[in-house]
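In: Have a look at this prediction, sequence included:
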Amino acid sequence: MYSIANDMAHAQSITMASTTSTEQSGLFGHLLPEFKKASGLDVKVVALGTGQALDMARRGDADVLFVHDQAAEEKFVADGWGVKRFAVMYNDFILIGPRNDPAGTKGKDIVQALQKLSAGNGNFVSRGDKSGTHAAELRYWKLANAEAAKGTGYKECGCGMGPALNIAASSGAYVLADRATWLNFKNRADLAILVEGDTRLFNQYGVMAVNPAKHPHVKAQDAQKFVDWVVSPAGQQTIAGYKIGGEQLFFPNAAP
């Protein structure tokens, strides 16, 4: 009898590979209880960098993905690993750094800011973990023509967004962050937002179920229930309703 109950409990949960930013921002603590009310399903979140989350899904160790590296997501689906990618929500990246801004980065231009950091060998903490944020950061260095010359102050931590912010806070370094994790981050020390508002800092999130044709054991129907709910009006309203200090962290933009 115990094993049957256990199997039933197992059947009523799905595994989601997602990003550290969606977890560390507190979004899932707000979103997933509402999904459970609607569906009866529990969601076990494994929070990784987007690159690692995609790898986890390729191995068949996740049922659904909720990540933010659109080019990598589209390739994942084109290669047959995902059923279909849906846009869910967006926010933006911001450049965080010491309030006194020794490198003179403050403004709206992320490319100009990185050029200044490169030229002045400014202390910069990179996630270095193949996450969506790391992928975006590398695109900006490329746009700054500083891909191979990021300066001697550039260090990779191979860590999530929260730990990267902690390192920046304790060492007075610059770091690219998603706004949601920053708003939920308590250990700010002397850090402040220095660059924001550049259209290139747009940060789109997507969701997709893992393809059962590749991994027959995945819980495809239940995964699709999550996908359908999170892009539905109810899911989108729940995302919009997540705020810290009155400030909305994510902006729903699923296609109607």
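Out: Great, that's in hand.
In: C-alpha only now, for contacts and for neighbours.
Out: OK.
In: in the protein, which spans are helices?
Out: Taking DSSP state H, the helices of the chain run over residues 2-11, 20-24, 27-39, 50-58, 70-78, 110-119, 132-143, 161-171, 179-183, 220-230, 233-240.
In: pLDDT below threshold where in the stretch 51-200 of the chain?
Out: Along the stretch 51-200 of the chain, the model assigns pLDDT under 70 to no residue.
In: Tell me how far Ala213 lies from Lys219.
Out: 12 Å (CA to CA, to the nearest Å).
In: Neighbour count: these two, which is higher?
Out: Per other CA atoms under 10 Å, whichever of Ala213 and Lys219 has more neighbours is Lys219, with 21 against 13.
In: Was I right to think that one contacts Asp63?
Out: Yes. In this structure Lys219 lies within contact range of Asp63 using CA atoms under 8 Å: 5.8 Å.
In: end to end, how far does stretch 13-30 reach?
Out: Stretch 13-30 stretches 17 Å from its first residue to its last (CA to CA).
In: how far is that stretch from where the chain is centred?
Out: From the chain centre to the centre of stretch 13-30 is a distance of 9 Å (CA atoms, centre = their mean, to the nearest Å).
In: Looking at it now, give me its mean pLDDT.
Out: Mean pLDDT, stretch 13-30: 94.
In: ditto for stretch 210-226
Out: Here stretch 210-226 scores 97 as its mean pLDDT.
In: The helices of the chain into a markdown table, with extra columns for mean neighbour count?
Out: Putting these into a markdown table (neighbours: other CA atoms under 10 Å) gives the following:
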| stretch | mean neighbour count |
| --- | --- |
| helix 2-11 | 10 |
| helix 20-24 | 22 |
| helix 27-39 | 16 |
| helix 50-58 | 22 |
| helix 70-78 | 16 |
| helix 110-119 | 22 |
| helix 132-143 | 21 |
| helix 161-171 | 20 |
| helix 179-183 | 22 |
| helix 220-230 | 19 |
| helix 233-240 | 18 |
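In: can you list the ones you listed in JSON lines and add distance to Gly104?
Out: Formatted as JSON lines, the helices of the chain follow (distance: least, CA to CA, whole Å):
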{"stretch": "helix 2-11", "distance to Gly104": "53"}
{"stretch": "helix 20-24", "distance to Gly104": "27"}
{"stretch": "helix 27-39", "distance to Gly104": "33"}
{"stretch": "helix 50-58", "distance to Gly104": "31"}
{"stretch": "helix 70-78", "distance to Gly104": "31"}
{"stretch": "helix 110-119", "distance to Gly104": "7"}
{"stretch": "helix 132-143", "distance to Gly104": "17"}
{"stretch": "helix 161-171", "distance to Gly104": "17"}
{"stretch": "helix 179-183", "distance to Gly104": "21"}
{"stretch": "helix 220-230", "distance to Gly104": "41"}
{"stretch": "helix 233-240", "distance to Gly104": "34"}
